[in-house]
Each structure stands twice: as C-alpha cells, then as structure tokens.
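**Q** Here is a sequence with its predicted model. Questions after.
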2 protein chains.
Amino acid sequence: MKKHFLFTPGPTPIPPESLLSMANQIDYHRSAEAAAQIKDVSEKLKLVFQTRNDVVILTSSGTGAMESVVANILSRGDRVIVIRSGKFGERWGEICSAYGVEFVPIDLEWGESIEPQLVADLLDEHAGIKAVFSTLCETSTGALHDIKSLGQITKRRPTLLVVDAVSALGADDLQMDSWGVDVVVSCSHKGLMTPPGLAFAALNQAAWEASEKASLPKYYFDLRKAQQASWSGSAPYTPAITFIAALQLALNRISTEGIRNVIARHAQLAKAARSAVKSMGLQLFASNPANTLTSILLPEQVDGTRFVRMMREKHGITLAGGQGKLRGKIIRIAHLGWMGENDIVLAIAALERGLSEIGQELQLGAGVAAAQEVFHRQSCSDS
Amino acid sequence: MKKHFLFTPGPTPIPPESLLSMANQIDYHRSAEAAAQIKDVSEKLKLVFQTRNDVVILTSSGTGAMESVVANILSRGDRVIVIRSGKFGERWGEICSAYGVEFVPIDLEWGESIEPQLVADLLDEHAGIKAVFSTLCETSTGALHDIKSLGQITKRRPTLLVVDAVSALGADDLQMDSWGVDVVVSCSHKGLMTPPGLAFAALNQAAWEASEKASLPKYYFDLRKAQQASWSGSAPYTPAITFIAALQLALNRISTEGIRNVIARHAQLAKAARSAVKSMGLQLFASNPANTLTSILLPEQVDGTRFVRMMREKHGITLAGGQGKLRGKIIRIAHLGWMGENDIVLAIAALERGLSEIGQELQLGAGVAAAQEVFHRQSCSDS
C-alpha cells in the first residue's frame, strides 16, 4: 500500500487528464486533427516562453535542443562564452567542443550564480564572441542566473544570448522578448508537466539570421526545417504526438492559471521549502536559489546517495541526489510543475522523519511549521 | 459513432496494455525499477533485431537513429554508396551530404528493388568505399531490398552494410547477425506497436570499431555513450521512459508469439492484401513488395490525395498516400504491428466501397474474397 511522490527536477508529476490522453489509441500525425493540435501547442508554448517568436518542437530530450542551437547558429572555429557553474553549464561547453566551437569558460563555484559584469568584461576583452551560453536555473545546483542583466549586456553587442531554461521554464521568470534573450531551449518533463521526449527551441530574429550563416552539420536537428513545418502544424520527422496531446492539456492548465500566476506559485513553494530547510537547521546549497528546486547541503557525515535511496524506499519520496562532484553531498527537492502547498508540506515532513531516523538532531515539525507560516501569510495577504 | 482504423506505415495501432501503461503516473528514470525495465527492453530488442549485439535506445524519431549512424561510423570526406529508390533511400544521401560524406548513388526507379550485383560491381569499381546504405523496406514505395544478398557482398569486403529497417523491423525478415549486416536502425512506432519517440541502432563489432576512428561531430547521438549507459539500464540523457514502459509490453507480445511467427503472420497479411488488390483489378506498385505495406498504383484519373482524405473522413480508414514524386499517385496500406486477418478484410472491404463510390469499375466483394481465400488456405494447412 505504498504511495509514491515524485520531487525530482524532471520528470515531474503529470496531471490526470494528460495521463488519460496517452491511453487513447494513436492517430496519424499527418491528419488535419494532428495539425490543429500541433499549431495550438506551438501557440500556447509562446505564452510560457513569453515570446512572439516561434517555438520549435523537437522529439528528443532537452539536450537535443541544446545541441540543435549550437549546430544551427554557429560555425566551426566560432568563439563563444560559456558560463559553467554546474553540470548543465558544462554541457554547453561539451557540445561546443564536440562541434569544434571554441569557448571561453567562466567557471564559478558550483552553487554560485553569475556576476553579470564578468560577462561584460569578457566580451570587451575578447572581440568577435558570437554567443554567450548560460542556464536559467542550473539544475545540478539549484542556482538561478540573472538572465535579465545578461540580456542588457548582450543586446548592446553583436552577441547572442542563449539560455538553457530546461528545468526552470514555467517556474522562474524568463521574459524572452522583453529581456532581449536571443535563444531559449527547454523540454517537456519539468515545468510543463509532460513526460520526457519533447524539447523546444525559440529563436528570435537575430538568432534566425545567424542560422543562415551557420555551417555546422545538422539534419534531424535542423531548426529552420522544423520551424517551417510547424507553420502548417507538421514536423519534418514523425513527432512524439502522444506527448504533444498530453502537452496540450498541460498548457491548457498553464494558460488558465496564467503564466504570471504559475511563476508566483512556484516562488511561494520555493520560499516555503527554503524557510523549512533553514528551520530544520540545514544549509541551502545555492547562494541565489531558483524557484525550480531547493538544493540542500547535507551534513558531512550523511551519505547522500544512501539517504536518497532510503527516502524513496522507506518513505515513498523520490528526491534527486547530487550530480558530478556533488554526488552524495547534496539533495535536491524540486517544486516544479503540477505542485501545490500540500506537496511541499508532505515532502518536508518526510524529510524531517528521514533525517531524524539517520540520527540528525532536529525538532520534528519545525520545517513543516516554517513552510506553513509562509503559506499562511500568503493566504492572509491574498484575502 | 464513427470508428477509426489506422493503416499507415507508422504510427501503427497500439495494444491496450501498452496504452494503459502510459496512463500510469510517471516515475524517475534513474530509479532501480527504471533501470531493470531499460535492461529488459534492451535484451528483448535483440530478439527482434535477430542479433547478439547491443541495441542502443535513443529518444528521437527513426531519422535520428539514421543520422546517429552516419555521425558515429564516418568521417568527413569518407565515401559511401547509397541505394536510392524512394524517399528514405534519398534520406541516407541527404544526411551524408549534411555531414560532408561523399556518396555514390545507385538510383533506381521508385518501386524497384536493388539488383545486388550492381552493388558488387560498384564496390569493385570504387576503392575505399566505407559503407553501403540501404533500406529494408523502402517505406515510400513498399519495395523490399534483398539485404541477405547485400550482406554476402559486403562481408567479403572492408565495407559496412547499414540498413534502415525503420518500417520493416518485425514484419520482414532481417537476420542481422547471420546475414552479416553491420548496422540496423529502427524505431518504436511501426512493427513495435509503440508511439513514435524512440529509435534504435544496433552495431556489430566492425561498426563499433569504425566508430572509434570516426570523427564527425555528435553529442546527443553519441552511440558509444548510449551503449555504455545502457549496460547499467541508464541513458546519457533523460529517455522517454513512458514509451520504454509501453515498448516493454509490446515486446512481451512479440516474444510470446516468437519473432519467426510474427514475420510469418505479416507475410500472410501481405499476401492476402496483394491478392485482394489484384482481384480488384488494381496494380501493385512495388515490383518486389515487402510484408510491411502494400502500395497500390491508382488509376490515372484518381486523385490519390483526395481519395485518402475521403477514406479517412467517410469510411474511418486512415491510409497513407504517396510521398514526394508519388504524391497523389499511389496509396499505401500498412499491415504492420498489431494487425490480424480481420483488419485486412476490413481495410479491403472499405477500399472496395471507396473506389466504387468514386466511379471505379469493380465487383464489390472480389477483393475481400481473395483475401479470405489466402487466410482460409493458410488456416487449413495449419490444422
């Protein structure tokens, strides 16, 4: 009779109507009905990306969309800046290296966020930088980067700003158009409450112009071809239509709630989680944490890998551990997508029990009370 | 109260237990349970590929797997042979061109199958050809290529044989190991009765060795990384686990029926469909048709695009029309995946009515009777 609860930063829980839609018998992806669905999803994605640009749909994980951007806007020997403060910032660099794109890294301590002036200085120092690659929320650490300030820096220069919003889209604010972000990539299985398998790339005019000159090889990930097909509700290669149908329903939820409210809800959940963590005597890992997830530095004597397993097996709570050099050292609780106040209470309470059981000194209920306070204050100020 | 029936060569109807599995709440792709599932699926795929080599799972359409092979086994300036007898043979050439791989085309009339000696002659004529690219069933025409004979030619030479079995896997015989095929690619939404979104690549020892020397850029489609991750039931990037769960159930059906029986069933369905088409006075399009689908050359006065739409809207039967230069000229009826005798009867009967309605001279019931005859003879010889 165990009940399972998922708090990983992807996949995230899927609303029931989306789940049920996937149990429908499949239909042809080139039917008029499928075309209407693809067009509707493409339009609604614009609300979440906060853009008037086309959002291109790919069948791949988020990494596929990241690679597509490198391959579509750059040429061999181009130079770019990559902000590396965790596994996913590093991934931008790895993709660039795979394609022979030179990059100037800005290496931060994992858990830290970029000081935008560093980017401005580096752009002044190095002429001809084609693009700056950043994450919005660095999923491996939970740190949020100040994309708005980066946009102010790049939009005054002939340099594209490319943002990996894979985990943070729909949780942390990202105003693609008004902040001057040139490219945003994301995927289906985080804030968009849909299974993994779809990825998205939105390019503005400047990025599309760069794509005309870019000579890196691509075929499956040719974004121009995908964009053109999308205008008639199609795709160059058979898309994962099952997930497009599920995504349509998830996007209906988001457009009903309103993207500003969705982000505000995530901000509240994050605030409650952080308050709870501090009240439990634990240390937040990221210095400027995102709404997407809360990363917690575990006390040194705790084996994080074992703790995550115990939380899943004994308490039915699936958290994420640390990745790369943070393996075993942090845990990450995502409050992302189809999540509300009750989910946070439940996760914090289980965390309290789990930590107590492995001998951590803490007062049961302290974390939950702190989360409750945040929700209660919000509720009173709303009414 | 319309009932819809899908006869496109992908996607194909999905069995009910697979559909229902996708309505389950999602779980973490890095759990022990997910790892066991990925390992089981990887093993069972070997039965369908008729190989002892690893079958690598990618999250993409079949085209992604095609591109992965080019990028993983070749280097810029390598020369290959591409057999082009339809849209998908041409695709191999397009991918090679995108990556700067030179190819010698063998261009056949669409609908024709390769004369293997042509390949042998061309290999003798051009030294240093790294690979021969073919399709098993050219989905755009329904023609089957003689891969067994091609294998006999390439295995005596330092040339890899790469086969696109995207539509034909599990319908037409392809004995990867015993025929000496070096690389086979396929995907989830054809013979494997699962939604579009997963693709597969199986490489033998020689192909893996080639991959060590190959220098074309790749990241998301790095097959070695995917292979190594699969050994522990993982994937380098978040896989479409929803479809892996559905695929596991579809593979259970295939392994229960047995791959030889699955192929024999498809052969019978194809034989019945072809017999029916001929009895209706229509002309088969492919000279050597595959078990995967039956392509029919429409009488000149029939507008195929309009006819396909009418069959869907009025009769609830979704067929595929022609692609590329065959647009409007042929129709394609797939008998692929979760299909049995009743499906063929139903499709042929509807086709009879549809053609009669647009003024084609035919005897209602003639096609159905011919299909029945094939099934009846088989049933009597079985008992």
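**A** Alright, I've got the coordinates. What you see is a predicted model, and the numbers here were worked out from it, not measured in a lab. Numbering: from 1, shown residues only, chains lettered A, B, ... in the order given.
**Q** in stretch A:81-94, what's buried?
**A** A:81-94 (16 or more other CB atoms under 10 Å in any protein chain shown). Heads up, the C-betas are built off the backbone N, CA and C, glycines and all.
**Q** just stretch A:139-153 next, same as before
**A** Quick answer for stretch A:139-153 (16+ other CB under 10 Å): A:139, A:140, A:141, A:142, A:143, A:144, A:145, A:147, A:149, A:150, A:151, A:153.
**Q** Give me the phi and psi angles of the residue lying closest to the last one once chain neighbours are set aside.
**A** Closest residue to residue A:153 in three dimensions, ignoring its sequence neighbours and counting by CB to CB, 6 or more residues apart in numbering or on different chains: residue A:120, at 4.7 Å. Dihedral angles of residue A:120 (phi, psi; degrees, to the nearest 10) stand at phi -60, psi -40.
**Q** near chain B too, which of the buried residues of stretch A:81-94?
**A** Near chain B, judged by CB under 8 Å from any CB of the partner chain, the entries from these are residue A:94.
**Q** Mind picking the two most distant members of the buried residues of stretch A:81-94?
**A** Among the buried residues of stretch A:81-94, the pair separated by the greatest distance (CB to CB) is A:81 and A:87, at 18.1 Å.
**Q** Burial check on the residue nearest to residue A:153, number of neighbours?
**A** Neighbours of residue A:120 under the rule other CB atoms under 10 Å in any protein chain shown: 17.
**Q** and if you look at residue A:247?
**A** Applying other CB under 10 Å, I find that residue A:247 has 28 neighbouring residues.
**Q** Checking it next. Helix, strand or coil?
**A** Secondary structure assignment for residue A:247 (DSSP: H, G, I helix; E, B strand; the rest coil): helix.
**Q** Next one: it from residue A:155, what distance?
**A** Distance of residue A:247 to residue A:155, given as CB to CB, to the nearest Å: 30 Å.
**Q** swap in residue A:265?
**A** 30 Å.
**Q** can you check residue A:106 too?
**A** In this view, residue A:106 and residue A:155 are 19 Å apart by CB to CB.
**Q** more crowded one of these two?
**A** Under the criterion of other CB under 10 Å, the comparison of residue A:106 against residue A:155 puts residue A:106 first, with 20 against 15.
**Q** Residue A:359: neighbouring residues, count only.
**A** Residue neighbour count, defined by other CB under 10 Å, stands at 9 for residue A:359.
**Q** Which pLDDT value belongs to it?
**A** pLDDT recorded at residue A:359 is 94.
**Q** Which of the helices or strands spans it?
**A** Remark: residue A:359 resides in no helix or strand, with elements defined by DSSP states H and E.
**Q** What of residue A:265?
**A** helix A:259-279.
**Q** Please identify the residues of the stretch 151-300 of chain A in proximity to chain B?
**A** A:187, A:189, A:195-197, A:216-221, A:236-243.
**Q** Return the set of buried residues in the helix holding residue A:265.
**A** A:259, A:262-263, A:265-277, A:279.
**Q** Tell me if I'm right that residue A:200 and residue A:187 touch.
**A** Yes: using CB atoms under 8 Å, residue A:200 is in contact with residue A:187, at 6.6 Å.
**Q** Those two: which has the busier surroundings?
**A** residue A:187 (29 against 26).
**Q** Report pLDDT for that one.
**A** Predicted confidence (pLDDT) for residue A:187: 98.
**Q** Find the nearest non-adjacent residue to it, please.
**A** residue A:62 (3.6 Å).
**Q** Pull the contacting residues for the one you found.
**A** When contacts are counted by CB atoms under 8 Å, 6 or more residues apart in numbering or on different chains, residue A:62 touches A:164, A:166, A:185, A:186, A:187, A:199, B:237, B:238.
**Q** you'd agree the fifth one is up against residue A:195?
**A** Spelled out, it's residue A:187. No: at 10.3 Å, residue A:187 does not count as touching residue A:195 under the criterion of CB under 8 Å.
**Q** what's the weakest-modelled helix or strand in chain A?
**A** Taking mean pLDDT, DSSP states H and E as the measure, the helix or strand of chain A with the lowest value is helix A:366-382, at a mean of 95.
**Q** buried set for it?
**A** A:366, A:367, A:368, A:370, A:371, A:372, A:374, A:375, A:378.
**Q** what's the angle between that helix and helix A:259-279?
**A** 150 degrees (axes from the mean of the first three to the mean of the last three CA atoms, to 10 degrees).
**Q** What lies in contact with helix A:366-382?
**A** A:268, A:271-273, A:275-280, A:341, A:344-345, A:348-349, A:351-352.
**Q** Dump that helix to CSV, restricted to CA.
**A** Written as CSV, here are the backbone C-alpha positions of helix A:366-382 (Å, rounded to 0.1, in the frame of the first residue of the first chain):
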residue,chain,number,x,y,z
ALA,A,366,9.9,22.7,12.8
GLY,A,367,10.3,22.5,9.0
VAL,A,368,6.7,21.9,8.4
ALA,A,369,5.7,24.8,10.7
ALA,A,370,8.0,27.2,8.8
ALA,A,371,6.5,26.1,5.5
GLN,A,372,3.0,26.5,6.9
GLU,A,373,3.9,30.1,8.0
VAL,A,374,4.9,31.1,4.5
PHE,A,375,1.7,29.7,3.1
HIS,A,376,-0.5,31.1,5.8
ARG,A,377,1.0,34.6,5.4
GLN,A,378,0.4,34.4,1.6
SER,A,379,-3.1,33.2,2.1
CYS,A,380,-3.9,36.1,4.5
SER,A,381,-2.4,38.7,2.2
ASP,A,382,-4.4,37.3,-0.7
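**Q** And it, how far out from the chain middle?
**A** Counting by CA atoms, centre = their mean, to the nearest Å, helix A:366-382 is centred 26 Å from the centre of its parent chain.
**Q** So which residues of the stretch 51-200 of chain A form helices?
**A** A:62-73, A:87-98, A:116-125, A:147-154 (DSSP state H, counting those that start in this stretch).
**Q** Determine how far the first one lies from the middle of the whole chain.
**A** The one in question is helix A:62-73. 15 Å.
**Q** And for the shortest one?
**A** Using CA atoms, centre = their mean, the distance from the centre of helix A:147-154 to the centre of the chain it belongs to is 19 Å.
**Q** just the angle between that helix and helix A:116-125, please?
**A** Using the same axes, to 10 degrees, helix A:147-154 lies at 20 degrees relative to helix A:116-125.
**Q** mean confidence score for helix A:147-154?
**A** Mean predicted confidence for helix A:147-154 is 98.
**Q** Please enumerate residues in contact with it?
**A** A:114, A:116, A:119-120, A:123, A:132, A:134, A:136, A:160-161, A:163, A:174-175, A:179-182.
**Q** quick one: the strands in the stretch 51-200 of chain A?
**A** A:55-59, A:79-84, A:102-107, A:129-135, A:137-138, A:143-144, A:160-164, A:183-187, A:198-203 (DSSP state E, counting those that start in this stretch).
**Q** what's the fifth one packed up against?
**A** So that's strand A:137-138. With contacts taken as 3 or more CB pairs under 8 Å, 6 or more residues apart in numbering or on different chains; DSSP states H and E, strand A:137-138 sits against helix A:87-98, strand A:143-144.
**Q** chain center to that strand, what's the gap?
**A** 7 Å.
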